[in-house]
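# Test case, fold it:
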Amino acid sequence: MSAALELVDDLLEAREEVPIASLRWSLPGLRWLSDDARYRVLRGGNGTGKSRLQAFEIVCRAIGIHPFRNCKPPPVKMAAYGYSHSSLESLMSELWHQAQGTGLDPRCDYDPGRGITGKPPRLLWRNGSYIVFLTYSQNSQAYAGKSLDYQALDEPCPAMKWGEIEGRTREGGEVGLTVTPTPEGADQVWVADKVREQTFSLTVAPLCSNPDDPTTITLESVTPKGGRPWLSRQRIAEKIRSWLPLERAMRCGLSWEEIAVGRQLDGFQPRHVELWEPPRGEVSGCCSTDHGLDPGRQASLLGATDGHMVWILGEYRPKVRTSTEQDAEALIRLLRDGAGWTPSTKLLWVGDRSAESQKWASRKANAVLARAISERVGKPLDQLCVGDPRGLYIRTPHKFSGSVYEGLKLVNGLFLADRIRIHPRCALLIEAVKGWEGDKKDRRKDLLDALRYLVEALIEGHYLRPPLLLSR
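Below you'll find the model as predicted:
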């Protein structure tokens, strides 16, 4: 074998055994990796490789060899933070991959889906370096006395947590933030203030310069130096379009705060009402409720899907404060008038978490509503919703950090794909879709909550697989 071929073979073998040897970075990524500030921030758009950069930084520090800057020789003590261990899984996956061939302790392990193992999860190197994975909400007493060389913040950090993290950084230690601000995440205005004060050094990796103008999309943040982009302009445009208008600037890496200007469900068009035709054949049906105790805050919708299209068949939105018994009577009428169904019809029932009010000395809950419907029709719960083993059972929608925006993005995606029709009689829902501008306290959001519960149940199948089939 010639010397040239042997060299190629050695390089390929090195790339396989030590993944960090072959990594290349975008220009914003290189700027962040080369920044010698003590507190460095990379504000990047979704998909710009922030966790990959953070993992590289951690591995380089662990082994004491950094190609872009000076760093402390091993052993190095480090910590990484996120909202939860599951939300850190992306960073853990990248870190596990990049750390191969760098002298990891053989006791370390990684479980796909769960992440790096240990209590708390940690990686150890044979040279004594280590990194532990902590959450922002975690009790910090166990690490209160620790003095760390490097701390990685791979998700937006709450302002109240910063003092603790800064105090845990040893003299000469550093902190690296790699974040995409989001409306549902921790407020990052305090980070913007630190940048203005020049306490933090900022590198920006944007996807565009104007989320409303596709011609401003840039590939600089998704193109490794000397390589090809890992995201195309078309894919970036699709991502931007899928986000709600108020979060687009944040998710593009352009802003610390949400920018709520105008209608948020901008995929809605008049045709989604004007081209109304009732569903034909077999469909899955759903009745969804957002409980409210104050006057005019109760909201329910009736809908159906054939697995592709979604039809909104009717709405219930009283103008005054109602009792659970009144709600039950109204939902029975909604089933009858909207689709010719009864509480005995096999369909999905979804309702928000219980609502209580000391002012009105009352409470609304799914179980209470189900019993009220049972009493109105004179049948026990297990004889209603015939075909469902649990009878008439109102399920609670799955909620998590950001579930409001994720659900509304799903709804907006149906509008963009022209997969939804709203009956013209749903005047208040139509007004909410056309008029909601992002204010969570806006009363119009009640109907939108009911809409996302319904869509999630029918389209994503959170509650039943396979879907229930109804004859029309």
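
# Quick check: phi and psi on the closest residue to Asp337 other than its chain neighbours?
Spatial nearest neighbour of Asp337, chain neighbours left out: Gly314 (6.2 Å); criterion: C-beta to C-beta, 6 or more residues apart in numbering. (Glycine included, C-beta is placed from N, CA and C.) The phi/psi pair for Gly314 (degrees, to the nearest 10) reads phi -170, psi 170.

# May I ask you to confirm that Gly314 is in contact with Leu334?
Yes: Gly314 lies in contact with Leu334 (C-beta atoms under 8 Å); the separation is 5.1 Å.

# before we move on, back to that, let me see the contact set for the residue nearest to Asp337.
301-302, 334, 337-339, 423, 425-426 (C-beta atoms under 8 Å, 6 or more residues apart in numbering).

# So which residue is dead centre in this protein?
Centroid-nearest residue in the chain: Gly402, 5.0 Å away (criterion: C-alpha atoms, centre = their mean).

# got the contact list for it?
Each residue near Gly402 by C-beta under 8 Å, 6+ apart is listed here: 182-185.

# While we're on the residue nearest to Asp337, how confident is the model there?
Model confidence at Gly314, given as pLDDT, is 96.

# same question, the one 3 residues further on
Here the pLDDT value assigned to Arg317 is 96.

# From Cys426, how far off is it?
9 Å (C-beta to C-beta, to the nearest Å).

# Please, where are all the strands along the stretch 51-200 of the chain?
All strands of the stretch 51-200 of the chain, identified by DSSP state E, counting those that start in this stretch, fall at 77-82, 110-111, 115-116, 122-124, 130-135, 148-153, 169-179.

# Return the set of buried residues in the last one.
Translated: strand 169-179. 169, 173-179 (16 or more other C-beta atoms under 10 Å).

# What of stretch 383-400?
Under 16+ other C-beta under 10 Å, the buried positions of stretch 383-400 are 384-385, 388, 391-395, 397.

# mind putting the strands of the stretch 51-200 of the chain in TSV, distance to Glu94 and mean pLDDT included?
Formatted as TSV, the strands of the stretch 51-200 of the chain follow (distance: least, C-beta to C-beta, whole Å; pLDDT from 0 to 100):
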stretch	distance to Glu94	mean pLDDT
strand 77-82	11	94
strand 110-111	11	92
strand 115-116	11	90
strand 122-124	12	95
strand 130-135	13	94
strand 148-153	11	96
strand 169-179	11	94
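
# Rebuild these as a markdown table, extending it with distance to Glu431.
Shown next, in a markdown table, are these (distance: least, C-beta to C-beta, whole Å):
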| stretch | distance to Glu431 |
| --- | --- |
| strand 77-82 | 39 |
| strand 110-111 | 49 |
| strand 115-116 | 45 |
| strand 122-124 | 53 |
| strand 130-135 | 41 |
| strand 148-153 | 41 |
| strand 169-179 | 36 |
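
# So which of these is nearest Gly49?
Closest of the strands of the stretch 51-200 of the chain to Gly49 is strand 169-179, at 9.2 Å (criterion: C-beta to C-beta).

# list the helices and strands the closest one packs on?
If you count contacts as 3 or more C-beta pairs under 8 Å, 6 or more residues apart in numbering; DSSP states H and E, strand 169-179 packs onto strand 39-44, helix 50-63, strand 148-153.

# Of the ones you listed, which is nearest Asp446?
Among the helices and strands packed on strand 169-179, the nearest to Asp446 by C-beta to C-beta is strand 39-44 (33.7 Å).

# Quickly run through the sheet partners of that closest one, with directions.
strand 169-179 (parallel), strand 201-205 (parallel) (DSSP bridges).

# Need the residues touching each of Gly314 and Leu334.
Residues touching both Gly314 and Leu334 (C-beta under 8 Å, 6+ apart): Leu302.

# Quick check: Lys225 vs Cys71, distance?
Lys225 is 21 Å from Cys71, by C-beta to C-beta.

# got it, and Leu381?
Distance from Leu381 to Cys71, by C-beta to C-beta: 64 Å.

# So between those two, which is more surrounded?
Taking neighbours as other C-beta atoms under 10 Å, Leu381 and Cys71 compare with Cys71 leading, 19 against 16.

# so who does the residue lying closest to that one once chain neighbours are set aside touch?
In space, and not counting its chain neighbours, Cys71 is closest to Arg61: 5.2 Å by C-beta to C-beta, 6+ apart. By C-beta under 8 Å, 6+ apart, the contact set of Arg61 is 71-72, 76, 78, 129, 149-150.

# repeat that with 10 Å
Contacts for Arg61 (C-beta atoms under 10 Å, 6 or more residues apart in numbering) come out as 71-74, 76-78, 129, 131, 149-150, 152, 174, 176.

# Check Leu301 too.
286-290, 312-317, 334, 338, 350, 422, 426, 429, 447-451, 453-455.

# To which secondary structure element is it assigned?
strand 299-305 (DSSP states H and E).

# for the record, mean pLDDT for that strand?
Strand 299-305 comes out at a mean pLDDT of 95.

# what does stretch 392-411 give?
Stretch 392-411 comes out at a mean pLDDT of 88.

# What of stretch 429-447?
Mean predicted lDDT for stretch 429-447 stands at 92.

# same check, this time on stretch 348-362
75.

# rewinding a little: show me how to select, in ChimeraX, the buried members of the contacts of Arg61.
Buried residues among the contacts of Arg61 (16+ other C-beta under 10 Å), as a ChimeraX selection:
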select :71,72,74,76,77,78,129,131,149,150,152,174,176
